[in-house]
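1. Following is a predicted model, sequence given first.
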Amino acid sequence: MLQRFINWIRGVIARMFHIDDAKRTLGTDIAISQKMQEAIDLWSAMFLDSAPWLTDDVESMDLPASIAEEFARLITVEFQSSVEGSARADWLNGEYADAVLEHLKENVETAAAVGGVVFKPYVDGDRIAVDAVPAWRFLPTAFNSRKEITGAVFVEIITRGKVRYTRMEQHQLTDAGYNIRNLAFASQSEGSLGTPCALVEVEEWADLEPDITIRYKDGSAPDRVLFAYYKIPLANNIDPDSPLGVSVYARATNLIKDADEQYSRIRWEYKGTELAIDASAGALKKDAGGNWNMPQHQRRLFRELALDRGDNGDLYEVFSPAIRDASLFNGLDKILKRVEFSCGLAYGTLSDPQSVEKTAEEIRTSKQRSYAAVCMMQSALQKALEHLVWAMDFYATMYNLAPRGEYEVSFSFGDGVLEDADKEFATRKSLVDAGYLKPEALVAWYFGTSEEEARKMMPGAEPALELG
């Protein structure tokens, strides 16, 4: 479905103004290959639990969504960010908190699943809203030598009754300025773009300009695009020349398929070896309506065979084969460990952490691999959010939404990904016992307070009574 949608969007771009040449129509090529489109389609389908290998016989373990959610959790678990420095900064901080931080984890999860997400700010009245656009809703049209996207087309579809409205929003950074074009189409057929229509026909688009070029007062163009692309920082082995990122489970696609198939075998093993009693024909009594005359909970246990054993055979035979669950689960666990390694997750995240004994160094190495992957994704997220706040500040100045002023964006991700709280406490406690660390420093670290507050919490910290 998503692949058809992406291919349809490409066709839409090519048919704009009924001109076949997309380059002449938009002034740029579509900077995405067919191979990359297919990969994004596959990652998206896996994330939405609609992988192409899922059938009535192959059930899903929902691993892609679990992997993406785990990375999003690790990236944002201790995340804090704010904008400070002036009245403008205070205003930006409020918009930033409401429009971005409140939904950050779910947007990071989507980015992890499909390789990236675009944060696209826009003015909504006297406020700034931010649209998080997943990879299947935008197409890059240009990028520079650093593989930074400098042009893109965003797609929005709204249905009103039987009419399907499609808006194509093109952003292009040029030497002459920053150009934004909005094209709207109306169709009564889902498979057709339809005919051009006015933006005012859709209430949500009525205030949008069909074509606008943004420049500074001196006539120069902004030096960056007015949207921020959060790209998962993994090498793109699908299309090395593409500016797009890849999914966190891109290298584990076949392993995830193997895991789903193995999981389905286990479920079938339990179903196939379910206790049953095979009864020969006529051994089970039925009522006048042809239903078995027995309690409801026993009907699942008995199975009638179309056989008559006469006087020489048993009327009943118990079906209770041995279950081979141990070997099947062992095979699944090995697959899950390979998935963890391919995705950069620590062993035990998906697999059974007790299934294989490992040395302390092996466990630490596994956690460090996960820590390194998460740190790179956090760094990329910080870069994208800094760009986003810059774009929000640009719009605030352009539309005079808040007084001018300097701002600074602060970030804190913490280090809880690698830190073992119990071991860390034991280490710090040993330093206190040896006299290398003050007790109040340990208490302050444990409870997340200042040392002054920690001293008040410690025994013997009560102020002495003064005798008058």
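-> Thanks, I have it.
2. Trp445 against Thr427, yeah?
-> No - under the criterion of Cβ atoms under 8 Å, Trp445 makes no contact with Thr427, lying 10.8 Å away. (C-beta placed from N, C-alpha, C; glycine too.)
3. Which one's more surrounded, these two?
-> Trp445 (15 against 11; other Cβ atoms under 10 Å).
4. which SSE is the more buried one in?
-> helix 439-447 (DSSP states H and E).
5. any idea what Thr150 is structurally, helix, strand or coil?
-> strand (DSSP: H, G, I helix; E, B strand; the rest coil).
6. Kindly provide the distance from it to Phe227.
-> 11 Å (Cβ to Cβ, to the nearest Å).
7. cool, Phe341 as well?
-> For Phe341, the distance to Phe227 equals 34 Å [Cβ to Cβ].
8. So for the two, which sits in the more crowded spot?
-> Taking neighbours as other Cβ under 10 Å, Phe341 and Phe227 compare with Phe227 leading, 22 against 16.
9. pretty sure that one is in contact with Val117, am I right?
-> No - Phe227 is not in contact with Val117 according to Cβ under 8 Å; the separation is 10.5 Å.
10. show me where the protein has strands.
-> Listed in chain order, the strands of the chain (DSSP state E) span 80-84, 116-124, 127-134, 138-143, 149-160, 163-174, 177-187, 195-197, 211-214, 228-231, 276-279, 302-304, 316-319, 408-412.
11. how about TSV for those strands, with mean neighbour count and mean pLDDT added?
-> Below are these laid out as TSV (neighbours: other Cβ atoms under 10 Å; pLDDT from 0 to 100):
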stretch	mean neighbour count	mean pLDDT
strand 80-84	16	93
strand 116-124	21	93
strand 127-134	19	93
strand 138-143	22	86
strand 149-160	18	88
strand 163-174	20	89
strand 177-187	18	90
strand 195-197	13	87
strand 211-214	13	91
strand 228-231	26	96
strand 276-279	16	57
strand 302-304	14	55
strand 316-319	12	58
strand 408-412	13	92
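12. Of all those strands, which one is nearest Asn107?
-> Set against Asn107 and scored by Cβ to Cβ, the strands of the chain come closest in strand 127-134, at 4.3 Å.
13. Mind listing what's buried along the helix holding Trp445?
-> 439-440, 442-444 (16 or more other Cβ atoms under 10 Å).
14. That one - what's its average pLDDT?
-> Taken as a whole, helix 439-447 has a mean pLDDT of 83.
15. Can you tell me what sits against that helix?
-> With Cβ atoms under 8 Å, 6 or more residues apart in numbering as the test, helix 439-447 has contacts from 425, 428-429, 431-432, 449-451, 453-455, 457-458.
16. By mean pLDDT, point me to the weakest helix or strand of this protein.
-> When the helices and strands of the chain are compared on mean pLDDT, DSSP states H and E, helix 22-26 comes out lowest with a mean of 41.
17. For the stretch 351-468 of the chain, which segments count as helices?
-> Remark: helices assigned in the stretch 351-468 of the chain by DSSP state H, counting those that start in this stretch are 360-398, 421-433, 439-447, 451-457.
18. can you list the residues that contact stretch 51-68?
-> 42-43, 45-47, 49, 109-110, 112-113, 247-249, 252, 256-257, 259-261, 263-264, 267-268, 339, 343, 345, 350.
19. Any of the residues you listed buried? List them.
-> So, by 16+ other Cβ under 10 Å, the buried ones in those are 42-43, 45-47, 109-110, 112-113, 247-249, 252, 256-257, 259-261, 263-264, 339, 343, 345, 350.
20. which ones are touching Gly344?
-> Counting by Cβ under 8 Å, 6+ apart, Gly344 makes contact with 248, 369-370, 372-373.
21. pLDDT-wise, what's the bottom of the residues you listed?
-> pLDDT is lowest at Arg369 among the contacts of Gly344; the value there is 82.
22. now the closest residue in space to that residue that isn't next to it in sequence: how far from Glu386?
-> Setting aside the residues directly before and after it, Arg369 is nearest to Gly344 in space (Cβ to Cβ, 6 or more residues apart in numbering), at 5.9 Å. According to Cβ to Cβ, Gly344 and Glu386 sit 24 Å apart.
23. With Ile212 instead?
-> 25 Å.
24. Please apply the same query to Asp260.
-> 39 Å.
25. follow-up on the earlier one: any idea which of the helices of the stretch 351-468 of the chain is most buried?
-> Greatest average neighbour count among those goes to helix 360-398 (a mean of 18), per mean count of other Cβ atoms under 10 Å.
26. Quick one: work out the angle between that helix and strand 127-134.
-> 140 degrees (axes from the mean of the first three to the mean of the last three Cα atoms, to 10 degrees).
27. From the contact counts, what lies against helix 360-398?
-> Applying 3 or more Cβ pairs under 8 Å, 6 or more residues apart in numbering; DSSP states H and E, we find helix 360-398 packed against helix 63-76, helix 87-99, strand 116-124, strand 127-134, strand 228-231, strand 408-412.
28. Tell me which of the ones you listed approaches Ala391 most closely.
-> Using Cβ to Cβ, the helices and strands packed on helix 360-398 put strand 116-124 closest to Ala391, at 5.2 Å.
29. can you list the residues that contact that closest one?
-> Against strand 116-124 from outside (Cβ under 8 Å, 6+ apart): 99-100, 107-108, 110-111, 128-135, 138, 152, 154, 226-232, 244-245, 384-385, 388, 391-392, 395, 399, 401.
30. Point out where this protein drops to low pLDDT.
-> Within the chain, the segments meeting pLDDT under 70 span 1-29, 190-191, 272-323, 355-366, 415-423, 460-468.
31. Show me it divided up by domain.
-> Following automatic domain parsing, the chain resolves into domains at 2-252+372-412, 274-320, 421-457.
32. Same list, those, but as a markdown table with distance to Phe329 please.
-> Below are the domains of the chain laid out as a markdown table (distance: least, Cβ to Cβ, whole Å):
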| stretch | distance to Phe329 |
| --- | --- |
| domain 2-252+372-412 | 13 |
| domain 274-320 | 18 |
| domain 421-457 | 29 |
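33. so which of those domains gets nearest Asn330?
-> domain 2-252+372-412 (16.0 Å).
34. so how far is the closest one from its chain's centroid?
-> Centroid separation for domain 2-252+372-412 versus its chain: 14 Å, with Cα atoms, centre = their mean, to the nearest Å.
35. Which residue comes closest to Val130 once chain neighbours are left out?
-> Ala99 (4.1 Å).
36. The one you found contacts Asp131, correct?
-> No - using Cβ under 8 Å as the test, Ala99 is too far from Asp131 to be in contact (9.2 Å).
37. Just the ones of the buried ones among the contacts of stretch 51-68 in helices?
-> 42-43, 45-47, 109-110, 112-113, 256-257, 259-261, 263-264, 339, 343 (DSSP state H).
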